[in-house]
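**Student:** okay, predicted coordinates and the sequence, questions at the end:
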Amino acid sequence: MKNNCVGASALDRVSVYADAYFLRLKEILENDFELARVCLGQERFVSLVADYLAANPPFHPDAAWLGSRFPRFVEVHAAWRRIEHLPEILDLEWAINETLYSPWIDEKAAMQLSSLAADDLSLAQFVTDPSVRLVFSPALIEDAWLDRSNRSEGEPLETGRDCARPWLVVRRGAQGEVKFARFSDGERLLWREIHRPQTLTQTCENLSNWDEAVAALAELGGWAQRGLIKEIRLNSSSGNDEDLEKGETQS
Amino acid sequence: MSFLGFGAGLRSPHYSDVLSGRVLEVDWFEAISENYLGYGEEPAGRPLETLLKVRENFPIVLHGVSLSIGGTDPFDRSYLKSLRKLYEIVDPAWVSDHLCWTGVHGHNLHDLLPLPYTRDTIGHVVSRIQEAQDFLGRRLTIENVSSYLSYASSEMSEWEFLSEIHARTGCGLLLDVNNIFVSAHNHAFDASEYLQGIPEGSVTQMHLAGHSSNEALLIDTHDAPVCDGVWQLYAEALKRFGRISTLIEWDADIPVFERLEEEVSHARSIAQRVHGSPILAQNPNRSRKDFHQPSGTQVSVGAT
């Protein structure tokens, strides 16, 4: 290495890059995992980032992928996973990141459902919102996320408010806003089932009992109203198992 | 390449200003490609939707930071496919990335690291640029980076290196005037000599930005207004290269949009001073230049 500038040693010069490396990556993770940073406090978050980057150096040309392994890293890390709700928070924040990069599909299902002939209903297949991500979290972490800018540094999440609907549904609105809903275990099963390229009759047959099938019909109408189901098709596939796996995050 | 006028880097804090519908001082925007790729097989999502809305009213240039054109790892094909798809969707005026390497052995440092300026490196970079251009189906425009170290193995100056790569690949040059200023200080070379060493007709675009300093080095932080020294060097570059699309970058401590517009306006006024007449962009997508024509002023449109 040449040293053309008086006053700057070789170490000074390399340090510019070395310092920038950590600061840049830390900033990306701070932006993508705001609630985690607030809950842990800055010092502990920086320590977590250092551990994560040591184990998971950036691998993708696009820095936006930097946090893709962050939730899994904490899940399997003996010390970090003990921090209450931290794995769920990281799952949630990565899911939010992904939903914002999902395509928007106009909502037609509610109108289609209201005009659908009864005989056709059994043949219906469903186009679901591609932005939906499911995060398993019995605690109401979405409230904390919505309130993240008002929380104090290092303030732990309140616990003991376990939700009867443990599946947190994360998706985007038309303007890129984040929307939340909750699924019970039964609703999650139905959600999985309607992703398969099959008619509603087949969906009902695949559910374990008739009660679930009847409940499913009621749910589907509600999901169409709320935009979770975007479109109803009678003759074409609505999705496949591969899409389903990509769209689900589970602690 | 068409002359787009005077632009600004498109950053999310300014989306609402850019889409407000008011007449802006900015003729065009440069967007960071990677901010719009997302995680799927094809670019999608809210950021891209916003970019396409901006595209309805302004020319867009896509500027990448991760191509690692000087790297030794094979190109990441899925990344290149996403880029190519993004180019198809956005249809930018041109696309650019940096003359640098960003990682090795599958690890990405997400920094713009300098190359050794040797004959061997030129051969390597030329072949990589040609490969990328073939895959992307676009001519690349390549930017000089600011640097804090140089290699004992270097055999030539940065401007000789850059010029040779331009000559052998036909790529355009994105001349970052601030980077020249920063590197000239850090490596004790003459910034004017740099400009004189770049062939006329090779420059597609120029960048201007602010920098900071530590005890001995200037650091390319993009967190401040353009300094006087860089404005002077910009005027010198305009004299040499003529009318060149120019863009202000501001990436940290991002100010209100009006402050960014002041910088754009200042670049325009320097260009007007150097070239002797008001300069407005040739922009078939917009009519804002009509609003900007001061009464009684002769307006020159679209010269390159």
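**Tutor:** Structure received.
**Student:** confirm A:K230 sits in a strand?
**Tutor:** Yes: assessed with DSSP: H, G, I helix; E, B strand; the rest coil, A:K230 lies in a strand.
**Student:** could you pull up the residues touching the closest residue to it other than its chain neighbours?
**Tutor:** Among residues not flanking A:K230 along the chain, A:I105 sits closest, at 4.4 Å (Cβ to Cβ, 6 or more residues apart in numbering or on different chains). For the C-beta atoms, the positions are set from N, CA and C on the backbone; glycine is no exception. With contact taken as Cβ atoms under 8 Å, 6 or more residues apart in numbering or on different chains, A:I105 is in contact with A:127, A:129-130, A:230-231.
**Student:** okay, and the beta partners of A:A181?
**Tutor:** Taking DSSP bridges as the rule, A:A181 bridges to A:V169.
**Student:** shouldn't it be in contact with A:L228?
**Tutor:** Yes: counting by Cβ atoms under 8 Å, A:A181 touches A:L228, with 7.2 Å between them.
**Student:** ok, residue 51 - contacts?
**Tutor:** All of this is about chain A. A:73, A:77, A:80.
**Student:** that's the wrong chain, I wanted chain B
**Tutor:** B:10, B:31, B:36, B:60, B:90.
**Student:** where does the second one land on pLDDT?
**Tutor:** Pointing back at B:A31 there. For B:A31, the pLDDT comes out at 98.
**Student:** distance of it from chain A?
**Tutor:** Using Cβ to the nearest Cβ, to the nearest Å, B:A31 is found at 14 Å from chain A.
**Student:** now the phi/psi pair for that residue, please.
**Tutor:** phi -110, psi 140 (degrees, to the nearest 10).
**Student:** equivalent analysis for the fourth one, please.
**Tutor:** Phi and psi for B:I60, reported as degrees, to the nearest 10, are phi -120, psi 140.
**Student:** show me the contacts for the nearest residue to it once chain neighbours are set aside.
**Tutor:** Closest residue in space to B:I60, ignoring its immediate chain neighbours: B:P92 at 5.0 Å, by Cβ to Cβ, 6+ apart. Contact analysis of B:P92 by Cβ under 8 Å, 6+ apart lists B:59-62.
**Student:** and B:P92, how far from chain A?
**Tutor:** 17 Å.
**Student:** elements contacting whichever strand or helix holds B:T102?
**Tutor:** Per DSSP states H and E, B:T102 falls inside strand B:101-104. When contacts are defined as 3 or more Cβ pairs under 8 Å, 6 or more residues apart in numbering or on different chains; DSSP states H and E, strand B:101-104 packs onto strand B:107-113.
**Student:** enumerate the positions of the strand it packs on that are buried.
**Tutor:** B:108-113 (16 or more other Cβ atoms under 10 Å in any protein chain shown).
**Student:** and the residues you listed as CSV, adding pLDDT?
**Tutor:** Formatted as CSV, the buried residues of strand B:107-113 follow (pLDDT from 0 to 100):
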residue, pLDDT
B:N108, 94
B:L109, 94
B:H110, 95
B:D111, 95
B:L112, 97
B:L113, 97
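**Student:** sorry, back to before: please tell me how far the residue nearest to A:K230 sits from chain B.
**Tutor:** Distance from A:I105 to chain B, by Cβ to the nearest Cβ: 10 Å.
**Student:** ends of stretch B:86-103, how far apart?
**Tutor:** End-to-end distance for stretch B:86-103, by Cα to Cα, to the nearest Å: 23 Å.
**Student:** follow-up on the earlier one: could you pull out the buried residues of the strand holding B:T102?
**Tutor:** B:101-103.
**Student:** then stretch A:107-122?
**Tutor:** A:107, A:109-110, A:112-113, A:121.
**Student:** pull the distance from that stretch to the chain's centre.
**Tutor:** From the chain centre to the centre of stretch A:107-122 is a distance of 29 Å (Cα atoms, centre = their mean, to the nearest Å).
**Student:** now for B:Y87: which residues touch it?
**Tutor:** B:62, B:95, B:136-138.
**Student:** of those residues, buried ones?
**Tutor:** B:62, B:95, B:136, B:138.
**Student:** ok, the closest residue in space to the third one that isn't next to it in sequence - how many residues close by?
**Tutor:** When the adjacent residues along the chain are set aside, B:L136 lies closest to B:R84, with 5.2 Å between them (Cβ to Cβ, 6+ apart). B:R84: 15 surrounding residues under other Cβ atoms under 10 Å in any protein chain shown.
**Student:** can you list the buried residues in the host helix or strand of B:R84?
**Tutor:** Taking DSSP H and E as the definition, one finds B:R84 inside helix B:77-90. Residues B:79-80, B:82-83, B:86-87, B:89-90 are the ones in helix B:77-90 that count as buried (16+ other Cβ under 10 Å).
**Student:** quick one: contacts of whichever helix or strand comes after that helix?
**Tutor:** Next helix or strand after helix B:77-90 toward the C-terminus (DSSP H and E): strand B:95-98. Contact with strand B:95-98 is made by B:33, B:61-67, B:69, B:83, B:87, B:112, B:136, B:138, B:140-145, B:172, B:174, B:204-205, as judged by Cβ under 8 Å, 6+ apart.
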